[in-house]
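**Student:** Sequence plus the predicted model coming up.
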Amino acid sequence: MLRKELALAAIICTFCACNLRAEQWTLTWGPTPWGHWEENFIWGYWIEGTFHPELAWPENDQPAGITYVANIDSIIAGVDQITVGLEWTHVIDQLNCYGKVKLQNWSNGWVALWFSMSEPPIPPDANGLTNYGELSIDRIDISRGNVRNLTGAILELGEDLTIYGNIYNEIGATVIVYPDHIDVWGTEIQNEGTIVVFNGSLGEVETFHNSGKIGLYDGGCHGIVFNNDSNGVIEGFGYITADQTITNKGLIKASKGALRLFCDGSLNNAGTLKNDVGATLHIAGLIPIDDVNNEGTIEANGDGVVTFDCNLVNKPNATINLLGGTLAATTITQAADANFAGFGGITGDVSIDPNGLIQLTGPTNIVGDVEIDSNATLEISDGTTLITGHTTCNNGTIHMIGGRVICQGGLTNNNCNIIWEPGIYTNVADFNLDGTVNFKDFADFANTWLWQASWR
């Protein structure tokens, strides 16, 4: 009988010990607009609008088996803003911020909020910092916990802080990065809302996944792998970098300056790459990157440049629109059933594959060689195309419709089909540019030709 009683007592003690180890307390900041995290009676409980202070602050006590969830809420506290200063590092289970909150480092050294003592990687469902309102953080590391910015929330990341976890920015939420480099040493950044980077950077994660909007103002984002989803928009001036690949299915647009896409592996485009008027979009790598296969749209707008520090292949059903800007690459290959049209500048050697077509519809300069393969066509209309390099036409076609081509570097004609016909708007036979072709044009032409002839 005694043995049974002792065994039952041991089971009860074990059960109580397990309950003790699993005990989690919640403390909420009181009606004080500012103060130290490490203050007694500033944390407590709100019950029916009345604050009940506690002789404690949130700090996990592992020997006692007590862990904490901390809530900071300016709305329930009845103040415009709550500013919390940290003097040293704290370990808690979770931090929830509501209303308008500022977290600041009030010490002379390094300060962090830890949410776990386990080693990374941090799982996606792990607790950490959750923002429901307007939260700004300065000089405080977020360690071993995820940062969640919920719909409608605004998260401002200031100077000198690192996040050892993942960032999840929901639809309708905003993350603002001010002038500093915010390293995120986690598995992923998932952006479904808006990220704005001013003169700083955000990243270093394994995967940076954007299905929202990223605005760069002399700022940048980095991931070992960078994915811009079909709903993703990246615009501005600054940089996007990846150690391996950049995959674009949405829109990447350079505006108000130069936007650089750096990757040391490959860039895959099934979306749109473009520049605004006067801006530059530059694709390169610290080491030579792989050929870029365009399976989406590339658009070069006036007084601007889209450049590839590699070979560019315009794949079937893909589109290149030259709208008064310049497209540059080492070589540009136009595949059959791909679309390439417009006017402006082309820098690099151009190759038109069999059955391929390039349509230049205005004044265009090609700085490089041009090769037109069997049954391929270079079509020129309503303007003059100047080719500074050598032109080789192998059983292909040069079709001039109210335009002309100047092969400044020479032409190798291997059974080339050269067609000239008047265009809808222009006719190269309209020598005096009066809108009609008649004997006056012939007279003007003869007069000019006879005047310049060496035998006259």
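**Tutor:** Good, I have the coordinates. Numbering: from 1, shown residues only.
**Student:** Now do the helices in the stretch 1-150 of the chain.
**Tutor:** All helices of the stretch 1-150 of the chain, identified by DSSP state H, counting those that start in this stretch, fall at 2-21, 74-77.
**Student:** now do the stretch 301-450 of the chain
**Tutor:** 439-452.
**Student:** What's the local residue count around Glu156?
**Tutor:** The tally of other residues near Glu156 (other Cβ atoms under 10 Å) stands at 17. All C-beta atoms are positioned from the backbone trio N, CA, C, and that covers glycine.
**Student:** And the one 10 residues further on, by the same measure?
**Tutor:** Burial of Asn166, expressed as a neighbour count using other Cβ under 10 Å, amounts to 26.
**Student:** ok, now the one 4 residues further on?
**Tutor:** By the criterion of other Cβ under 10 Å, Glu170 has 16 neighbours.
**Student:** Please apply the same query to Lys256.
**Tutor:** Count around Lys256 with other Cβ under 10 Å applied: 14.
**Student:** tell me which element the most centrally placed residue in the chain falls in.
**Tutor:** Closest to where the C-alpha atoms of the chain average out (Cα atoms, centre = their mean) is Ile234, at 4.4 Å. According to DSSP states H and E, Ile234 maps onto strand 233-248.
**Student:** going on from that strand, what's the next piece of helix or strand?
**Tutor:** Following strand 233-248 toward the C-terminus (DSSP H and E): strand 251-263.
**Student:** Given that following strand, what are its sheet partners and their directions?
**Tutor:** strand 233-248 (parallel), strand 272-275 (parallel), strand 280-284 (parallel) (DSSP bridges).
**Student:** Need the winner for burial among those strands.
**Tutor:** Highest mean neighbour count among the strands paired with strand 251-263 (mean count of other Cβ atoms under 10 Å): strand 272-275, with a mean of 24.
**Student:** Contacts for that strand next, please.
**Tutor:** Contacting residues not belonging to strand 272-275 are listed as 248, 250-255, 259, 281, 283, 294, 296-301, 304-306, 325 [Cβ atoms under 8 Å, 6 or more residues apart in numbering].
**Student:** sorry, back to before: rank the helices of the stretch 1-150 of the chain by mean pLDDT and give me the bottom one.
**Tutor:** Ranked by mean pLDDT, these bottom out at helix 2-21, with a mean of 37.
**Student:** Now Trp185: closest residue in space, sequence neighbours ignored.
**Tutor:** Using Cβ to Cβ, 6 or more residues apart in numbering and skipping residues adjacent in sequence, the residue nearest Trp185 is Tyr164, 5.1 Å away.
**Student:** for Trp34, same thing?
**Tutor:** Trp34's closest residue in space is Thr83 (Cβ to Cβ, 6+ apart), at 4.0 Å.
**Student:** hey, what's that neighbour bridged with?
**Tutor:** Trp34, Lys102.
**Student:** wait, what's in contact with it?
**Tutor:** With Cβ under 8 Å, 6+ apart, Thr83 has these contacts: 33-35, 101-102, 104.
**Student:** From Leu103, how far off is it?
**Tutor:** From Thr83 across to Leu103, the span is 8 Å (Cβ to Cβ, to the nearest Å).
**Student:** Thought Ser374 was touching Asp353, still the case?
**Tutor:** No: the criterion here is Cβ atoms under 8 Å, and Asp353 misses it with Ser374 at 9.2 Å.
**Student:** higher neighbour count, these two?
**Tutor:** Asp353 (21 against 14).
**Student:** Grab the nearest non-local neighbour of the more buried one.
**Tutor:** Nearest residue to Asp353, sequence neighbours excluded (Cβ to Cβ, 6+ apart): Ala335, at 5.1 Å.
**Student:** Thanks a lot, see you next time.
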